[in-house]
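Asker: have a look; sequence and predicted model below, questions after that.
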Amino acid sequence: MKKSILICPRCGSDRIEVVLPHIGSTYECRECGYRGPMIMGDRELAEKLKTRKREQEGEEQPI
C-alpha cells in the first residue's frame, strides 16, 4: 500500500506546513508559496504534478 502525503496542487511539492491549525486548516507550500487546501496523494502523483508544473513553466517562457 502506498503511503499518503499532503501535496501542493500547484507545484506537487510535499514541503507543506500548517499556517492556521484550526478546523478547516490552511496550509502553505514552502516551494511555491501557495496557501489553501492541499491534496492527499502519493509520491507518484507528486511527480506527475511536478512534471506538469515544469511543462507549464516552459510554455510561459517567450521564444
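Answerer: Ah, there it is. This is a predicted model, so every value here is computed, not measured.
Asker: give me every residue that touches Val19.
Answerer: The contact partners of Val19, by CB atoms under 8 Å, 6 or more residues apart in numbering, come to 26-28, 35. The way it works is simple: take the backbone N, C-alpha and C, and place the C-beta from them, glycine included.
Asker: that one sits in which helix or strand?
Answerer: Mapping Val19 onto the secondary structure by DSSP states H and E places it in strand 16-20.
Asker: list just the nearest of the contacts of Val19 to Ile7.
Answerer: Set against Ile7, the nearest of the contacts of Val19 by CB to CB is Tyr27 (10.2 Å).
Asker: and the host helix or strand of the closest one, what does it pack onto?
Answerer: Tyr27 is part of strand 26-29 when elements are defined by DSSP H and E. Taking 3 or more CB pairs under 8 Å, 6 or more residues apart in numbering; DSSP states H and E as contact, the helices and strands that strand 26-29 lies on are strand 16-20, strand 35-36.
Asker: out of these, flag the one nearest Thr51.
Answerer: For the helices and strands packed on strand 26-29, the distance to Thr51 is smallest for strand 16-20, at 18.8 Å, taking CB to CB.
Asker: that closest one pairs with which strands, and in what direction?
Answerer: strand 26-29 (antiparallel) (DSSP bridges).
Asker: give the buried residues for the partner strand.
Answerer: 27-29 (16 or more other CB atoms under 10 Å).
Asker: I am finished for the moment; much appreciated.
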